[in-house]
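>>> Sequence below, structure please.
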Amino acid sequence: QVQLQESGPGLVKPSQTLSLTCTVSGGSITISDYYWSWIRQAPGKGLEWIGFIRWTGSAYYSPNLTSRASISRDTSKNQLTLQLSSVTPEDTAVYYCTRWAGAKGHDFWGQGTQVTVSS
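Sure, this is the predicted structure:
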C-alpha cells in the first residue's frame, strides 16, 4: 500500500517561497508510468493541479503556476518537494501530493497540509 505524507510550514509570509515535502512509502517514486503530483484546494474553491514529476525526473507545471512552481525529488529518500515562490494570500490552500496512474487517475493521496500565507 502506497502512502504519501506532506510536511512543511503551516504559515508563510507574502513574497516568500513556500516549500513542502512529500514522503512516499510503500512504493518507489522511480517506478515507470507513475506521475507524482501536487494539487491544492483554496478555501471555498475546487481542486487545482499544480504540476507533476514523472518517474524519469522530468517535471511539468500548470500554465498558471509555471513561472513560480518547481517540483523536484530525492530518490534516496523517496521524497518529492514543491517550491512555490513569491506567494500571496491567494496561495493559501490545503496542499496535497498524489500518485497519478494515468488512466486510473490519482489513486493515492496524502492527507493534505494546510498552508496559510499571511504577514
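>>> can we go C-alpha only for contacts and neighbour counts from here?
Noted.
>>> Downstream of the worst-scoring helix or strand of the chain on mean pLDDT, the next helix or strand is which one?
Taking mean pLDDT, DSSP states H and E as the measure, the chain has strand 106-109 as its least confident helix or strand, at a mean of 94. Next helix or strand after strand 106-109 toward the C-terminus (DSSP states H and E): strand 113-117.
>>> partners of that following strand, with directions?
Neighbouring strands of strand 113-117 in its sheet, by DSSP bridges, are strand 11-12 (parallel), strand 93-100 (antiparallel).
>>> Only the buried residues of whichever helix or strand comes after the first one, if you could.
I take that to be strand 11-12. Moving toward the C-terminus from strand 11-12, the next helix or strand (DSSP H and E) is strand 18-25. By 16 or more other Cα atoms under 10 Å, the buried positions in strand 18-25 come out as 18, 19, 20, 21, 22, 23, 24.
>>> What of stretch 80-88?
Neighbour-count burial for stretch 80-88 flags 80, 81, 82, 84, 85, 87, 88 (criterion: 16+ other Cα under 10 Å).
>>> I'd like to know how far the most centrally placed residue in the chain sits from residue 71.
Among the residues of the chain, the one closest to the centroid is residue 38, at 2.7 Å (Cα atoms, centre = their mean). Here the criterion is Cα to Cα, to the nearest Å. By it, residue 38 lies 8 Å from residue 71.
>>> Overlap in contacts, these two.
Common contact partners of residue 38 and residue 71 (Cα atoms under 8 Å, 6 or more residues apart in numbering): 51, 52, 82.
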